[in-house]
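structural data only, the sequence is not supplied:
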């Protein structure tokens, strides 16, 4: 305790001696954050957003690979932002919200996007699903109260995070396909979203299930991290990154070494390559191959949140267990998977045994995740407390795609008939 007090006294003494240097630096960073928040808020407030509902035909026979191609097209929405655009105009990188909604009226698939990118989204969807229908609809979240829970409605929700670093892939749609079948045998394929669609289609009146996948194209930084991860798995030694203080001491050491004579160093003979990959077990080699395949694809910064909303008299914790179990199917013991983010779960945590605090904490968490969902906020304030993770295009296509004929849920909204082009000899 005395040591801590002495450290505080020393700090204030240092601040008192150099306040005219430290204070302007601190005020600069405070002003920078305030200004950045102001210009970003002004930029985002002027963006027009649209909610697109996508309906596919009943006889569509396409695997999630088609959705992967759509994500490859959406990756083109990224752009480079210089300092002027960032600090003067407040421009931010665009993002999309992929949503699956279930209630007593059926199961719906939505894409929430800027009006500017509407044509891009429609073109990519029509290119892969020519017979689909895309229409602008009213935001379904606005049909619910502005804030929950209230006297009629309650909810349980959470945001997800990965169990391992981003480079490890989750269980993708290729692994759900039965072995020794061709791509044309659609009826023998296993759709990873079938269980979600079936459960969402069986909801009763007064129940809602909302799933939101927020994505933003990312660069090659995650690929470099994946390369480093593969090197570690293969037993290669990697140089640890030095922090700012270590870099300063390293520079001083180099300067001193330049002026002082150094003892002669013996030249070591080069080590022979030990071919470390061949020393690994077959399972370890499969992991490295899976990581290498995953980081070779386009990446998206991603955040996933879900909620089970119901009236007080119809709320059942079975809905919570069902959605949590649905996301468990994407997990792999040797690779990656999803788990609930402890910070966002709508539970009271350590203070749950104190009844006076339990309801206050839980209601506050429920209100936060509900408002974050309605605002589609993740990458920027006010709901950016959770760090997004990176998923490849194939991983995203596994989590969000338009199910084909293998999913026969009658409650899923589909296009009843295909649209055909008019005959060329039609009189005008």
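Received the coordinates, thanks. Being a predicted model, the structure only gives us computed values, none of them experimental.

rest of the way, CA atoms for contacts and neighbours
Fine.

confidence score at the closest residue in space to residue 220 that isn't next to it in sequence?
For residue 220, ignoring the flanking residues on the chain, the nearest one in space by Cα to Cα, 6 or more residues apart in numbering is residue 299 at 7.9 Å. Looking at residue 299, its pLDDT is 93.

likewise for residue 221?
85.

tally of neighbours for it?
By other Cα atoms under 10 Å, 9 other residues sit near residue 221.

start and end of stretch 94-109, how far apart?
In stretch 94-109, first residue to last residue: 20 Å (Cα to Cα, to the nearest Å).

wait, isn't the residue nearest to residue 220 in contact with residue 217?
Yes. Here residue 299 reaches residue 217: they are 6.4 Å apart, a contact under Cα atoms under 8 Å.

can you map out the helices along the stretch 51-200 of the chain?
When assigned using DSSP state H, counting those that start in this stretch, the helices of the stretch 51-200 of the chain occupy the ranges 65-74, 83-87, 118-128, 173-176, 194-200.

got phi/psi on the residue nearest to residue 220?
phi -110, psi 150 (degrees, to the nearest 10).

so what pairs up with it in the strands?
Beta-bridge partners recorded for residue 299 (DSSP bridges): residue 392.

how near is it to residue 110?
Going from residue 299 to residue 110 by Cα to Cα gives 21 Å.

where in this protein is pLDDT low?
Applying pLDDT under 70 to the chain picks out residues 1-23, 25-26, 177-189, 237-278, 348-356, 405-428.

for the most centrally placed residue in it, what are its contacts?
The centre of the chain sits closest to residue 302, judged by Cα atoms, centre = their mean, with a distance of 1.6 Å. Applying Cα atoms under 8 Å, 6 or more residues apart in numbering, we find residue 302 in contact with 213-216, 388-391.

likewise residue 158?
305-307, 340-341, 344-346, 369.

how about a cut-off of 10 Å?
By Cα atoms under 10 Å, 6 or more residues apart in numbering, the contact list for residue 158 reads 304-308, 320, 324, 339-347, 365-366, 369-370.

mark which of those are buried, thanks.
Neighbour counting with 16 or more other Cα atoms under 10 Å marks 304-308, 320, 324, 339-340, 344-347, 365-366, 369-370 as buried within these.

next step: those residues restricted to helices.
Assignment to helices by DSSP state H places the following of these there: 320, 324, 365-366, 369-370.

can you give me the strands for this structure?
All strands of the chain, identified by DSSP state E, fall at 49-55, 96-103, 106-114, 133-136, 153-162, 207-217, 299-311, 338-340, 389-392.

will you turn the ones you listed into TSV that also has distance to residue 85?
Below are these laid out as TSV (distance: least, Cα to Cα, whole Å):
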stretch	distance to residue 85
strand 49-55	21
strand 96-103	21
strand 106-114	18
strand 133-136	30
strand 153-162	31
strand 207-217	18
strand 299-311	21
strand 338-340	35
strand 389-392	25
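
looking at these, which is closest to residue 229?
Across the strands of the chain, residue 229 has its closest neighbour in strand 389-392 (14.7 Å, Cα to Cα).

now do the closest one: which elements does it pack against?
With contacts defined as 3 or more Cα pairs under 10 Å, 6 or more residues apart in numbering; DSSP states H and E, the packing partners of strand 389-392 are helix 65-74, strand 153-162, strand 207-217, helix 221-233, helix 282-295, strand 299-311, helix 393-399.

next, the angle from the second one to strand 299-311.
Which is strand 153-162. Relative orientation of strand 153-162 and strand 299-311, computed by axes from the mean of the first three to the mean of the last three Cα atoms, to 10 degrees: 160 degrees.
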